[in-house]
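1. for reference, the sequence and a predicted model appear below.
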Amino acid sequence: MEMQHILDDRRQEFNSQNCGVEQAPRRLKNKLACEECRDRKIRCDGRRPVCRSCLRKKLPPERCSYSTHSSTDNHAARDDSYTKALENRIAELESGHGHSPRIASVPTPTSQQHVERQNATDNSPPYLGRASAVGFMEEVIETLKPAEALATKTLSRGYIAVEAPESSPSSWFAGNSRGDQDSIVLGVDLVLPPRRTADSLLRSYWVGAHPLLPIIHKSAFLARYERLWSGTLSTSENDGESSRNSELVFHFMLNIVFALGCRFMSISGQGQLSSDLNSRQPFFDRAMKLMTLDLLDDGSIELVQSLLITVQYIQTLELSNKGWVILGMAIRLAQSINIHVGVGRESQAKREERRRTWCVCILLDRVHAMTFGRPSMLHSQHHTTLPQMIDDEYFAVDVDEADRQHPLGIPCKSAYFASIVTLSDITAEILRLYYTTTPGTAVGLKPEKDYNSLLQLDAQLESWKQGLPSYLRFGIDNQSGDPTDLFVRQAHLLHHRLLYSRILLFRRVVVRLAAESFVQPQKSTTTRLEQTLGLGCVETCRLAAQELLEVIHPHIGTWLLPPPWYTVFAIYTAGTVLAVVFITPAFRNALDAHQLTTLRHSWELSIDSLKQYQQLNVPSASKCLLNLLKIYKVSESETRSSELNANDVALAGTAPDPGSATARNLCLSEDGQCIFPGQDDPRQLEALFLDSTFWADENMDWLVDLSNGA
């Protein structure tokens with residue numbers, strides 16, 4: 001009896017202490033519960049297409065149905081209610097894991113802190129190459145500097161930190177335990193947009209991105225995509241840990257495909273790009289959360305493909321060191337699972353998917369190596385057999401089935417991919433011969449004087465061009481065609497790559513001859529044949545640069561051009577070639593009146609093209625435009641020149657008044673001719689054009705301001 005009194009007293013005391021505490025509100029009922037859960041009066045999370053309760057009971061998908069809305073409800077209302085249901089579910093799961101430790105956002109260092117940190121290590125040599133357009137341009141800038149300034153001042157290559165887009169922290173290094181992390185990932189991030197939206201994004205990917213890099217086998221991907229909506233799993237997808245990893249990888253791939261679909265959906269029916277080139281994509285953020293280091297333990301070709309598509313997505317936004325790093329991870333993972341090694345017994349579909357994946361590794365590696373001026377990870381000995389020119393729908397999917405061929409008379413969408421890989425082989429050889437150096441090797445070995453190799457490589461480029469299928473050849477029929485026509489688009493892109501490769505091939509000859517012409521223009525010991533060959537190389541490079549600008553300018557903002565950062569890179573490269581021709585008397589005097597007129601027109605196209613990309617908010621366009629304008633003068637009427645002043649130089653394509661401060665900064669004489677301090681040393685010109693590279697998204701100092709060094 002005494003014990004009972006004690007218990008009663010404590011119960012009363014406990015109730016009195018908690019009488020003022022507000023009890024937690026009850027969880028709101030889910031208004032989107034399926035009919036099955038409503039009938040059973042059990043908890044339903046409203047997940048589409050099959051809720052977790054029905055999935056746990058292994059009920060058929062048709063049993064998990066939702067009540068239809070009234071006829072007055074439209075699609076937007078259903079999407080809004082579905083979005084609210086997802087938000088409620090996410091909030092519920094997050095509250096359930098509130099006890100789990102989370103990583104706070106790491107503060108981003110300021111630009112000044114980043115610069116100071118880089119300046120502390122300026123004595124270490126930068127890991128840069130010589131193949132980029134800006135390395136080419138820096139040699140010109142060095143030539144324009146006085147000899148004293150050249151001896152005491154070097155180009156700054158410190159990183160300039162740019163404000164990174166706000167994003168959630170990656171789960172790579174999260175402090176959550178494996179069980180907590182799995183619950184968060186599987187509960188929150190494995191969500192899908194409404195079916196109609198998802199289908200629309202997929203269609204955009206198949207039309208816009210997949211034909212350029214056909215990594216995914218379309219039929220196999222769509223089969224699993226349909227199973228995702230139906231709630232059924234294949235035998236291989238229902239095996240514990242491997243099933244979990246497979247589901248994570250597929251959702252990783254699906255979200256990055258959605259992100260690419262969003263990018264290409266920003267192009268209107270007429271193919272015009274949205275001016276907001278750097279908008280954040282929620283699908284990309286979700287994909288980055290799903291990509292954890294645990295997935296690398298059991299590598300798969302699907303994971304390699306997902307990483308490569310991620311690089312493709314990053315390329316549509318900007319040139320980024322992030323893309324370079326992710327590409328390196330994809331290549332190492334591909335090598336670890338022997339994607340590049342033939343398998344004895346596999347279907348045609350599996351074999352071609354594997355070959356395509358490995359060729360994409362090679363292709364992207366070469367593109368990044370050329371752009372960053374860094375050595376390639378993969379070389380010719382890593383090459384495998386080229387994929388067949390056959391589209392996905394014609395593959396033999398059974399191991400015992402004989403290989404099929406693409407039907408005759410039907411254009412092949414994958415012919416573009418095989419052609420671009422072949423062209424990359426030639427470009428890789430150009431980089432190896434003329435832009436690759438080893439430690440201890442001097443730059444002045446004059447490899448560009450090997451005219452035999454120059455002519456052979458030029459013949460290979462021409463042979464490659466003639467070997468293209470008729471529907472991929474750039475000509476009158478597709479010069480002004482519909483940008484949304486796949487084969488017109490592919491023909492334009494191939495032609496751009498061909499012209500850029502030709503510029504890359506002959507650029508060193510242009511620089512060398514320009515440098516030598518400043519030393520002893522009247523005491524040259526070269527033979528007439530060598531002079532003819534040299535001037536022929538200069539003309540070939542000049543014509544390629546002019547043609548590249550001619551085909552780029554009318555199609556800015558359409559599907560007919562590569563990503564904006566790459567197109568700006570190509571315009572700048574072509575502009576530097578024209579600039580060298582302008583400032584070199586031997587080159588300029590060899591042109592007749594008509595050639596000078598077309599050269600001036602091409603220069604104006606380069607300026608106007610950069611101005612258009614500047615209006616599209618491409619970060620590197622403004623600095624490229626400013627630098628080209630600060631180096632050379634395009635002759636125009638005195639009336640138009642007098643209307644400009646030094647403040648207009650960043651937005652105009654005309655020359656400043658020769659008597660102005662801007663003209664003195666450009667080293668222009670009173671009669672409008674270029675004067676070059678330090679022009680007696682050709683090594684300055686070579687060092688300026690062929691000695692370094694740039695980081696377009698993070699280090700905007702690669703575009704050196706001439707006003708700081710003149």
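-> Cool, the structure landed. Numbers count the residues shown, from 1 in each chain.

2. C412 against H406, yeah?
-> Yes: using Cβ atoms under 8 Å, C412 is in contact with H406, at 5.0 Å. From N, CA and C alone the C-beta is placed, and that goes for glycine too.

3. can you say which helix or strand has T316 in it?
-> If you go by DSSP states H and E, T316 is part of helix 301-317.

4. can you name the next helix or strand after that helix?
-> Heading C-terminal from helix 301-317 (DSSP H and E), you reach helix 321-336.

5. run the angle between the next helix or strand after that next one and helix 301-317 for me.
-> Remark: after helix 321-336, the chain's next helix or strand is helix 348-372, criterion DSSP H and E. Put simply, helix 348-372 runs at 40 degrees to helix 301-317, going by axes from the mean of the first three to the mean of the last three Cα atoms, to 10 degrees.

6. what's the angle from helix 348-372 to helix 321-336?
-> Per the same axes, to 10 degrees, the angle that helix 348-372 makes with helix 321-336 is 140 degrees.

7. related to what we said a few turns ago, need the residues touching each of C412 and H406.
-> M389, I390, D391 (Cβ atoms under 8 Å, 6 or more residues apart in numbering).

8. what about the second one, distance to F221?
-> With distances defined as Cβ to Cβ, to the nearest Å, the gap from I390 to F221 amounts to 17 Å.

9. repeat that for F487.
-> Using Cβ to Cβ, one gets 23 Å for the distance from F487 to F221.

10. also I301?
-> Separation of I301 from F221 (Cβ to Cβ): 12 Å.

11. more crowded one of those two?
-> F221 (22 against 19; other Cβ atoms under 10 Å).

12. just the pLDDT at that one, thanks.
-> On pLDDT, F221 comes in at 93.

13. let me see the contact set for it.
-> Residues near F221 by Cβ under 8 Å, 6+ apart: M253.

14. distance of it from F250?
-> Going from F221 to F250 by Cβ to Cβ gives 9 Å.

15. shaky segments in the stretch 201-350 of the chain?
-> Low-confidence segments of the stretch 201-350 of the chain, defined by pLDDT under 70: 233-242, 267-280, 319.

16. sec struct for Y566, please.
-> helix (DSSP: H, G, I helix; E, B strand; the rest coil).

17. surely it touches Q315?
-> Yes: if you go by Cβ under 8 Å, Y566 and Q315 touch, sitting 7.4 Å apart.

18. more neighbours: these two, which one.
-> Q315 (22 against 18).

19. grab the nearest non-local neighbour of the more buried one.
-> Counting by Cβ to Cβ, 6 or more residues apart in numbering, Q315 lies nearest to P563, which is 5.2 Å off, once chain neighbours are set aside.

20. now the phi/psi pair for the one you found, please.
-> phi -50, psi 150 (degrees, to the nearest 10).

21. low-confidence ranges, the stretch 501-650 of the chain, go.
-> 518-526, 632-650.

22. dump the shared contacts of C412 and H406 to a markdown table, plus secondary structure, pLDDT and distance to S376.
-> As requested, those are exported to a markdown table (DSSP: H, G, I helix; E, B strand; the rest coil; pLDDT from 0 to 100; distance: Cβ to Cβ, whole Å):
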| residue | secondary structure | pLDDT | distance to S376 |
| --- | --- | --- | --- |
| M389 | coil | 88 | 25 |
| I390 | coil | 87 | 28 |
| D391 | coil | 87 | 29 |
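
23. nearest to A33 among those?
-> D391 (44.4 Å; Cβ to Cβ).

24. the closest one against C412, yeah?
-> Yes: D391 lies in contact with C412 (Cβ under 8 Å); the separation is 5.9 Å.

25. what is in contact with the two at once?
-> Common contacts of D391 and C412, defined by Cβ under 8 Å, 6+ apart, comprise H406.

26. count of neighbours near S622?
-> 19.

27. what about it, which helix or strand?
-> S622 belongs to helix 619-631 when assigned by DSSP H and E.

28. which neighbouring elements make contact with that helix?
-> Using 3 or more Cβ pairs under 8 Å, 6 or more residues apart in numbering; DSSP states H and E as the contact test, the elements touching helix 619-631 are helix 133-144, helix 564-583, helix 593-615.

29. Q546: which of those is closest?
-> Minimum separation from Q546 across the helices and strands packed on helix 619-631 (Cβ to Cβ) falls at helix 593-615, 4.1 Å.

30. so this structure: which segments form each domain?
-> With domains defined by automatic domain parsing, the chain comprises 31-67, 192-394, 442-708.

31. Throw these into JSON lines and include distance to D425, thanks.
-> JSON lines is the format used below for these (distance: least, Cβ to Cβ, whole Å):
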{"stretch": "domain 31-67", "distance to D425": "46"}
{"stretch": "domain 192-394", "distance to D425": "7"}
{"stretch": "domain 442-708", "distance to D425": "9"}
